[in-house]
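> compute the structure for the input listed below.
(2 chains)
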There are 2 protein chains.
Amino acid sequence: MTSTIASTAIHDLLEKQDTASVQAALAERHSADIVEMLADLDPERIVAVLKLLPDDRQGRVFGYFAPEQQVAMAKAMDRGTLVRFITAMSHDERADLYARLSPEQQQALLPGLAQAEREDIRKLASYSEGTCGAIMTSDYATLEPGLTTLQATEKLRREAPDKETIYEAYIIDAERRVVGRISLRDLLVARDEAEVGDVMRKDVHVVRAEEDRVEAAQKIARYDLIAIPVINGGDKLVGIITHDDAMDVEREEATIDMHKVGSVGEGIVSVRSAGIWLLYRMRFVWLVLLVFGNIFSGAGIAYFEDTIAAYVALVFFLPLLIDSGGNAGSQAATLMVRGLATGDVKMRDWGTMIGREVLVALLLGLSMAVAVSLIGVFRGGPEIAMVVSMSMVLIVIVGSTIGMSLPFVLQRLGWDPATASAPLVTSIADAAGVLIYFAIATTFLPMPG
Amino acid sequence: MTSTIASTAIHDLLEKQDTASVQAALAERHSADIVEMLADLDPERIVAVLKLLPDDRQGRVFGYFAPEQQVAMAKAMDRGTLVRFITAMSHDERADLYARLSPEQQQALLPGLAQAEREDIRKLASYSEGTCGAIMTSDYATLEPGLTTLQATEKLRREAPDKETIYEAYIIDAERRVVGRISLRDLLVARDEAEVGDVMRKDVHVVRAEEDRVEAAQKIARYDLIAIPVINGGDKLVGIITHDDAMDVEREEATIDMHKVGSVGEGIVSVRSAGIWLLYRMRFVWLVLLVFGNIFSGAGIAYFEDTIAAYVALVFFLPLLIDSGGNAGSQAATLMVRGLATGDVKMRDWGTMIGREVLVALLLGLSMAVAVSLIGVFRGGPEIAMVVSMSMVLIVIVGSTIGMSLPFVLQRLGWDPATASAPLVTSIADAAGVLIYFAIATTFLPMPG
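Numbering: from 1, shown residues only, chains lettered A, B, ... in the order given. Now for the predicted structure:
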């Protein structure tokens, strides 16, 4: 709420060209808040406001904008400003931006940078999206094992302004292989003359640059780390990923998984800033898959048309039965997708899980059968009630088992288990439901003629 | 994989009563890994293994077990051991455990603890679940503004072993109100004789103890914090929440939201360790709600029984049409639920969102109508195709609008928007779909007689 009011105030001040007040209003604010306040302005306008900030803050605030906004702003500024902003950004952010610029913009930018920075940006920007390499930063702190803890503390203190974090430092050998880690806390607590190599911890958790970024987030969460080192194919240290980036990964991946479970494609990170066309595409794919999935249910219905014509009351229960199967399946799929994503459930648990699932589904199916049989007697008489109840038990068990198993099957095939989203499970459970229901009806109800 | 193998090995070693090898196997492992290795053993057995660890590690490893397991283990140990474990746990973990013990266990435990610890535990355990107070810890570092940065660094160094973190310290006045914050990094970089009050940062983000824990996680994520201070009703500092706890909150809340969107109740944190009865209850509630929601669809179908009897081919398209409405609605609901949860979408965005949603739904409905009209002509002739296409457009728009709006309505009513889960949206969209479909059919198709 505060930032909305402040945002309106900023717009007013800009209208009045009262730059002194704009500067005063921005001076005490966190970069994240400034970004939110300015988000609705044109890129040109935002760049003009950023230039009102003290030199050392401009790049840092710029780094807080969403990557797409950074690109739009980059187009709206002269090369000198862009070079200045990029130089002040943290190493991972500037590599992200660089990777999103057009080849012409990239070529125009590089000559303005020092050679070391050019190489650093090129290297970081070369990792493909979704990997640890793509989110790591190269401004990490290293120590040699022979330093005393006093010397090491002094080194970290000197390097502090240029490093993403100095709270974890990594001890490397001559080949840049990580041989240990030490926290600033351990350094301070140790005797000043102790050697880093003697007091460092040797249980270093690492990730590989080409691994999925989720690996890094999971290890940081599991071991309560401030940062995790990233190594390349030759086991050399090439970067670190910090706890705040892990938190962003955790959040983005949860969003993507939730969208998939809710049958939305994986291209939407922010629903607020997503365009109509993107929203359309991400949703259309799944809805159309459902149309074709439903051809099977339709075929089932067509096959049993005589039964339906003889007992139109059966149609009354059709939505209820197929929805129950689909919903029980979605429930089971959701539990497994999230379990696999957080590491709570592993592939080897499939056997235990399916046993439990059948048991839970049997209980659910029986309870649902009791509920629906009451309506069945009232609406269609005892014979229909029996058919509906029997169908309900079977449909819930089949739907649940499909929903539970699909994420495991997809994971085994090397796909993302979250793709076992509602419409896929629903379509399969629907078709199974139609067949079960009308087959039981045809078997147990006397047919005219 | 590593830990499975190790786990089997540990079991073997325990069978052989080879305690020396067990100790060696555990010595190099992180607490989180030890917990995973021992998780399948009986509580008595786990306690016996923990006692093989060095004294200072026992409590820390114990703190890593899930709260329910801690309670089971607490029952399996004598009071002296429990006191020893609890004294070594971090303040937030031990308060969590205390809150879960039976009144008798609590009474038995207290006399064994020092008075300061008793009071600390009682105070922390008094906050209700889900609040910032319930996850905060009281072992934080404070500084007085008059200290030099050298003195402050010395103080943090001395207190390091007893504090959850020394990387952020909070500057408090005589009434324990937070007046500033300083990072260890800033302390190290500042001149030694500078005063803390002069170099501290005054833009301190805080949360209140009674606020939802999600607030703390969101602020830590937004401002890239190591920790956030927690204040009570009198604005006094009472605790801090650290980045690793924020990550756990983020993860648990995402799981709860995803379960709700997937129509599972909110009681399941780990599907692996959840019991059959809990799984049954959490799923049954929503499935039964669906049965009753479907009575409305059924009533709609009963009302149009004559139309159905005259055109049985209409039934062929029923699952397809109502599923399309329900799925489009679930998609829209999922996007909004996640957007509201991450703060991407705010209540004030409702107007913009509904305008966009109608546009996207119109495009989706038209595309789906084209797809389904082809099947319609083939299966039921041009008249049926027209009815089905018109119904599809309307049903997708109505379903999407309901799915999009429900999370906002629930939030406005003070409920959790994630409760607008699939079956609720599906049930409403189903009933609307049945009415739209058969009303259009009855209007446009010639009735016999």
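
> make it CA atoms for all contacts and neighbour counts henceforth
Fine.

> assign A:V178 to helix, strand or coil.
strand (DSSP: H, G, I helix; E, B strand; the rest coil).

> what pLDDT does the model give it?
Looking at A:V178, its pLDDT is 97.

> for whatever helix or strand A:I354 lives in, name the packing helices and strands.
Element membership for A:I354 (DSSP states H and E) is helix A:350-412. If contacts are counted by 3 or more C-alpha pairs under 8 Å, 6 or more residues apart in numbering or on different chains; DSSP states H and E, helix A:350-412 sits against helix A:313-342, helix A:422-444, helix B:276-303.

> in CSV: those helices, plus mean pLDDT.
CSV is the format used below for the helices and strands packed on helix A:350-412 (pLDDT from 0 to 100):
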stretch, mean pLDDT
helix A:313-342, 88
helix A:422-444, 88
helix B:276-303, 83
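
> most tightly surrounded among those?
Counting by mean count of other C-alpha atoms under 10 Å in any protein chain shown, helix A:313-342 has the highest mean neighbour count of those, with a mean of 27.

> next, the angle helix A:276-303 makes with it.
On the basis of axes from the mean of the first three to the mean of the last three C-alpha atoms, to 10 degrees, helix A:313-342 is oriented at 130 degrees to helix A:276-303.

> would you list every one of the strands in the stretch 151-300 of chain A?
For the stretch 151-300 of chain A, applying DSSP state E, counting those that start in this stretch gives strands covering A:168-172, A:178-183, A:207-208, A:227-231, A:237-242.

> can you list those in a markdown table and add mean neighbour count and distance to chain B?
Below are the strands of the stretch 151-300 of chain A laid out as a markdown table (neighbours: other C-alpha atoms under 10 Å in any protein chain shown; distance: least, C-alpha to the nearest C-alpha, whole Å):
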| stretch | mean neighbour count | distance to chain B |
| --- | --- | --- |
| strand A:168-172 | 23 | 11 |
| strand A:178-183 | 21 | 11 |
| strand A:207-208 | 23 | 15 |
| strand A:227-231 | 25 | 11 |
| strand A:237-242 | 26 | 10 |
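
> who wins for proximity to A:A431 among the ones you listed?
Across the strands of the stretch 151-300 of chain A, A:A431 has its closest neighbour in strand A:207-208 (43.7 Å, C-alpha to C-alpha).

> on that earlier part again, now do the helix holding A:I354: distance to the chain's middle.
Its chain's average C-alpha position is 32 Å from that of helix A:350-412, according to C-alpha atoms, centre = their mean, to the nearest Å.

> and the average pLDDT for it is what?
Averaging pLDDT along helix A:350-412 gives 91.

> again with stretch A:197-214
Across stretch A:197-214, the average pLDDT comes to 95.

> hey, C-alpha coordinates of it in CSV?
Coordinates of each C-alpha in stretch A:197-214 appear next as CSV, following Å, rounded to 0.1, in the frame of the first residue of the first chain:
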residue,chain,number,x,y,z
GLY,A,197,44.0,-25.4,5.8
ASP,A,198,43.8,-26.7,9.4
VAL,A,199,40.5,-25.2,10.5
MET,A,200,38.6,-25.3,7.2
ARG,A,201,35.7,-27.7,6.8
LYS,A,202,36.2,-30.5,4.2
ASP,A,203,32.6,-31.5,3.7
VAL,A,204,31.9,-29.2,0.8
HIS,A,205,28.6,-29.6,-1.1
VAL,A,206,29.0,-28.5,-4.7
VAL,A,207,26.9,-28.5,-7.9
ARG,A,208,28.0,-28.8,-11.5
ALA,A,209,27.6,-25.8,-13.8
GLU,A,210,25.5,-27.9,-16.3
GLU,A,211,23.2,-29.3,-13.6
ASP,A,212,19.6,-28.2,-13.2
ARG,A,213,19.4,-25.0,-11.0
VAL,A,214,16.9,-26.9,-8.8
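
> give me the pLDDT for the closest residue to chain B within the stretch 1-150 of chain A.
Of all residues in the stretch 1-150 of chain A, the one sitting closest to chain B is A:A32 (6.5 Å; C-alpha to the nearest C-alpha). According to the prediction, A:A32 has pLDDT 89.

> pull the contacting residues for it.
Residues near A:A32 by C-alpha atoms under 8 Å, 6 or more residues apart in numbering or on different chains: A:V61, A:Y64, B:R222, B:Y223.

> can I get the helices and strands packed on helix A:350-412 in a markdown table including distance to B:Q23?
Compiled in a markdown table, the helices and strands packed on helix A:350-412 are given as follows (distance: least, C-alpha to C-alpha, whole Å):
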| stretch | distance to B:Q23 |
| --- | --- |
| helix A:313-342 | 30 |
| helix A:422-444 | 48 |
| helix B:276-303 | 36 |
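
> nearest to B:M89, of those?
B:M89 sits nearest to helix A:313-342 of all the helices and strands packed on helix A:350-412, at 25.1 Å, using C-alpha to C-alpha.

> other SSEs contacting that closest one?
Under the contact criterion of 3+ C-alpha pairs under 8 Å, 6+ apart, helix A:313-342 touches helix A:350-412, helix A:422-444, helix B:243-261, helix B:276-303.

> change it to 6 Å
helix A:350-412, helix A:422-444, helix B:276-303 (3 or more C-alpha pairs under 6 Å, 6 or more residues apart in numbering or on different chains; DSSP states H and E).

> give the other helices and strands that the shortest one contacts.
By that I understand helix A:422-444. By 3+ C-alpha pairs under 6 Å, 6+ apart, helix A:422-444 packs against helix A:276-303, helix A:313-342, helix A:350-412.

> name the nearest residue to the spatially most central residue of chain A, sequence neighbours excluded.
In chain A, the residue lying closest to the centroid (C-alpha atoms, centre = their mean) is A:E253, at 1.1 Å. Spatial nearest neighbour of A:E253, excluding adjacent residues (C-alpha to C-alpha, 6 or more residues apart in numbering or on different chains): A:V214 at 7.8 Å.

> please report how far the one you found lies from chain B.
Using C-alpha to the nearest C-alpha, to the nearest Å, A:V214 is found at 13 Å from chain B.

> returning to what we had before: let me know the secondary structure of the residue of the stretch 1-150 of chain A closest to chain B.
Going by three-state DSSP: A:A32 is helix.

> again, but for the one 3 residues further on
On the three-state scheme (three-state DSSP), A:V35 is labelled helix.

> show the pLDDT at it.
Value for A:V35, per-residue pLDDT: 89.

> alright, I will stop here.
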